[in-house]
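Undergrad: Show me the folded form of this:
(4 chains)
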Number of protein chains: 2
Amino acid sequence: MEATRTLVETKGPDKFSVSEACRLAGVSTAAPYRHFGDKTDMLLAVAMDGMERQRMQMEAVVAQHPRGTIDSIAALGELYIQFAQREEGVFRLAFGLTRDHEDRADMTECGQRCFGVVVEEVRRYLNRPAPDGPVMERAFSLWTLVHGMSFLMIDQKLGVMTTPLDIPTLVRENTIRLLAR
Amino acid sequence: MEATRTLVETKGPDKFSVSEACRLAGVSTAAPYRHFGDKTDMLLAVAMDGMERQRMQMEAVVAQHPRGTIDSIAALGELYIQFAQREEGVFRLAFGLTRDHEDRADMTECGQRCFGVVVEEVRRYLNRPAPDGPVMERAFSLWTLVHGMSFLMIDQKLGVMTTPLDIPTLVRENTIRLLAR
DNA sequence: TTCCCCATGTTTGCATTGCTAACATATTTT
DNA sequence: AAAATATGTTAGCAATGCAAACATGGGGAA
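TA: So this is what the prediction gives:
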């Protein structure tokens, strides 16, 4: 898994090769198949590990702010983007590329726990007794925003921008806007 | 290119194989290399074609609304999402996955033209003489929103949602929110 | 018309990849 | 002590991306 993580970061998830990971780990190319069903399983393992780490960070960040405030919510958004930048490969595996990962119950559950942190903050912010429709809509909108921003950044799509962007400021301002009214 | 497009849609860009495309097109596996440098070049070709088609659609949509209004801007957002749903594979190639496509000038230029349509609408909406910082920031934010939404949808990440979402309404409402103040 | 070139294609070959099968060995369980 | 399990190895297969050498047919120059 360590070798897999390393290669996913350096080469990218799509260029990842089991053989290369084996070479890097110093084992034969058949060794991983004692531990994982196939290549996808290997990647899924590091994806879930990454998501779990991210969730723990999220809870740590939330605890550093008054609960259910613009501050705590914007901090979550910035954390998401930081994760994308810091661990691009793992981030892609965890929050993108679900073509292969389809209908993996454990993966979905893992994501649900992450998203749950955001939902809870939004619920508090909106003063609602339960995570109902409006809460989910706002939480989802906030997610889409940082999700899109993250991918546009790591996919180098900012090349089309003619003026520089201050990402943290943008996250905060848009968080406020998306929560308005 | 037709075979490539077909396979990209059915198997997905990551599972796309040159050999299979050749089989489908009824030519030898070496034939494509007379027309494209390598596999990536083939995919890039259909990506750019897709982007260009999208840009034309964008301009058509804009023309159907009063220029620089919430209506025209929200319509662009919905069109983006529709493209993602209708041509998932090509959409991924065009607006995602730039790990390989790095520093392809023509590709960036093509994207710039697409984004330019949005920028122009936002510029009018904000009554600005030129696409300056504030205009770019709003346009970018709108893009991130629909971009994130599109990918979360095609990547099946909506499985974590516990209430159903009305996407078109969400696009419109969030467009308004992101353009406020 | 004749000739040559060039665009396009083919066959063959090679290294790499994902994965399986058969076999070895060590460690834990009974 | 014996058996079962966990973990590794080597060897092999089919598929892939791509390169090299070899065909060929049609259009412009002579």
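Undergrad: Which single helix of chain A contains the most residues?
TA: Assignment by DSSP state H gives helix A:39-63 as the longest helix of chain A.
Undergrad: Give the next helix or strand downstream of that helix.
TA: helix A:70-86 (DSSP states H and E).
Undergrad: Residue numbers of chain A in contact with DNA strand D?
TA: A:V27, A:S28, A:T29, A:A30, A:A31, A:R34, A:H35 (C-beta under 7 Å from any atom of the strand). For glycine as for every other residue, the C-beta is placed from the backbone atoms N, C-alpha and C.
Undergrad: Show the model's pLDDT score for A:L158.
TA: Among the per-residue scores, A:L158 holds a pLDDT of 88.
Undergrad: so what's it closest to, chain neighbours aside?
TA: Spatial nearest neighbour of A:L158, excluding adjacent residues (C-beta to C-beta, 6 or more residues apart in numbering or on different chains): A:L152 at 6.3 Å.
Undergrad: A:G68 too?
TA: A:R124 (2.4 Å).
Undergrad: Lowest-scoring secondary structure element of chain A by mean pLDDT?
TA: The weakest-scoring helix or strand in chain A, judged by mean pLDDT, DSSP states H and E, is helix A:98-101 (a mean of 70).
Undergrad: mean confidence for the following helix or strand past that helix?
TA: Once helix A:98-101 ends, the next helix or strand along the chain (criterion: DSSP H and E) is helix A:105-125. In this model, helix A:105-125 has an average pLDDT of 94.
Undergrad: Quickly note the distance from A:H147 to DNA strand D.
TA: For A:H147, the distance to DNA strand D (C-beta to the nearest atom of the strand, to the nearest Å) stands at 29 Å.
Undergrad: before we move on, back to that, tabulate the residues of chain A next to DNA strand D (CSV), appending pLDDT and neighbour count.
TA: What follows is the residues of chain A next to DNA strand D, written out as CSV (pLDDT from 0 to 100; neighbours: other C-beta atoms under 10 Å in any protein chain shown):
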residue, pLDDT, neighbour count
A:V27, 95, 13
A:S28, 95, 11
A:T29, 96, 13
A:A30, 95, 9
A:A31, 96, 13
A:R34, 96, 7
A:H35, 95, 10
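Undergrad: Export the residues you listed as JSON lines, with columns for secondary structure.
TA: Converted to JSON lines, the residues of chain A next to DNA strand D look like this (DSSP: H, G, I helix; E, B strand; the rest coil):
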{"residue": "A:V27", "secondary structure": "coil"}
{"residue": "A:S28", "secondary structure": "coil"}
{"residue": "A:T29", "secondary structure": "coil"}
{"residue": "A:A30", "secondary structure": "coil"}
{"residue": "A:A31", "secondary structure": "helix"}
{"residue": "A:R34", "secondary structure": "helix"}
{"residue": "A:H35", "secondary structure": "coil"}
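Undergrad: List the residues that contact the residue nearest the centre of chain A.
TA: By C-alpha atoms, centre = their mean, chain A has its centre lying nearest to A:F95, at 4.7 Å. Listed by C-beta atoms under 8 Å, 6 or more residues apart in numbering or on different chains, the contact partners of A:F95 are A:M51, A:A84, A:G111, A:H147, A:S150, B:D155, B:K157.
Undergrad: Following element in sequence after the strand or helix carrying the fourth one, please.
TA: In the assignment (DSSP H and E), A:H147 maps to helix A:133-154. Secondary structure here is assigned by DSSP H and E; on that basis, the next helix or strand after helix A:133-154 toward the C-terminus is helix A:167-179.
Undergrad: can you pull the pLDDT of the residue nearest to A:M42 when sequence neighbours are not counted?
TA: Of all residues not flanking A:M42 in the chain, A:F36 sits nearest, at 4.6 Å (C-beta to C-beta, 6+ apart). Here the pLDDT value assigned to A:F36 is 96.
Undergrad: Now A:F36. Its backbone dihedrals?
TA: For A:F36, the backbone dihedrals (degrees, to the nearest 10) come out as phi -130, psi 150.
Undergrad: Number of residues surrounding it?
TA: 16 (other C-beta atoms under 10 Å in any protein chain shown).
Undergrad: likewise the one 3 residues further on?
TA: The burial metric for A:K39, expressed as a neighbour count using other C-beta under 10 Å, is 16.
Undergrad: before we move on, what about A:P164?
TA: Neighbour number of A:P164 under other C-beta under 10 Å is 9.
Undergrad: that older thread, now tabulate the contacts of A:F95 in a markdown table and tack on neighbour count and distance to B:T6.
TA: Converted to a markdown table, the contacts of A:F95 look like this (neighbours: other C-beta atoms under 10 Å in any protein chain shown; distance: C-beta to C-beta, whole Å):
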| residue | neighbour count | distance to B:T6 |
| --- | --- | --- |
| A:M51 | 21 | 34 |
| A:A84 | 22 | 32 |
| A:G111 | 21 | 31 |
| A:H147 | 27 | 29 |
| A:S150 | 27 | 31 |
| B:D155 | 20 | 22 |
| B:K157 | 21 | 26 |
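Undergrad: give me the low-pLDDT residue ranges for chain A?
TA: A:99-100, A:102-103 (pLDDT under 70).
Undergrad: And the residue nearest to A:L158, how far from A:A21?
TA: To A:A21, A:L152 is 29 Å away according to C-beta to C-beta, to the nearest Å.
Undergrad: again, but for A:Q82
TA: Distance from A:Q82 to A:A21, by C-beta to C-beta: 26 Å.
Undergrad: With A:M161 instead?
TA: 36 Å.
Undergrad: which residues sit in contact with the residue of chain A most remote from its centre?
TA: The outermost residue of chain A relative to its centre, with distances by C-alpha atoms, centre = their mean, is A:S28 at 31.8 Å. Going by C-beta under 8 Å, 6+ apart, A:S28 touches A:C22.
Undergrad: All set now, cheers.
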